[in-house]
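**Student:** Build me a structure from this.
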Amino acid sequence: RNRLDAIIPFAPLGKDVIRLVVDKFIMQLDAQLADRNVEIELSAAALDWLAERGYDSKYGARPLARVVQEHIKKPLADEMLFGGLVGGGLVFVDVVDDGLSVTVKAPPQKAIAGGRKRAALPAPQDN
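**Tutor:** Presented below is the predicted three-dimensional model:
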């Protein structure tokens, strides 16, 4: 009861499915970066690079999170804290010398227009 007593074979993921998983990870990252006024674009070569290195025939797409963390999120964090993305910007990721290159291209359109505006807080009222 409540246990599996049979072997269930799984077929390996196809390249198109792996690419969809990569797209999902990048969309999640893009949503996280939107709060900091940072936009990210990846070349087709970069997406393929992530799909190749983030997939393992034994573990499926589980290694992809580590690959994205190591090769995209860490360089982005450095740029956001100490580099060209402190106030937001556009980042382009491409493959250079069999590795990923994270390049700050330009501030996004929102940053050029003056950044995100904060709503004014209401004045305190005496009761």
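
**Student:** neighbouring contacts of stretch 69-78?
**Tutor:** With C-beta atoms under 8 Å, 6 or more residues apart in numbering as the test, stretch 69-78 has contacts from 29, 33, 38, 40, 50, 85, 91, 93, 99-100, 102. Bear in mind the C-beta positions are built from the backbone N, C-alpha and C, glycine included.

**Student:** just those now: which is nearest residue 5?
**Tutor:** Nearest to residue 5 out of the contacts of stretch 69-78 is residue 50 (C-beta to C-beta; 37.5 Å).

**Student:** Might one say that the closest one is in contact with residue 23?
**Tutor:** No. Assessed by C-beta atoms under 8 Å, residue 50 is found out of contact with residue 23, at 9.7 Å.

**Student:** And the contacts of the longest helix belonging to the chain?
**Tutor:** In the chain, assigned by DSSP state H, the helix with the most residues is helix 15-34. The set of residues external to helix 15-34 that reach it, using C-beta under 8 Å, 6+ apart, is 13, 39-40, 42, 47-48, 50-51, 54-55, 61, 64-65, 68, 72-73, 76.
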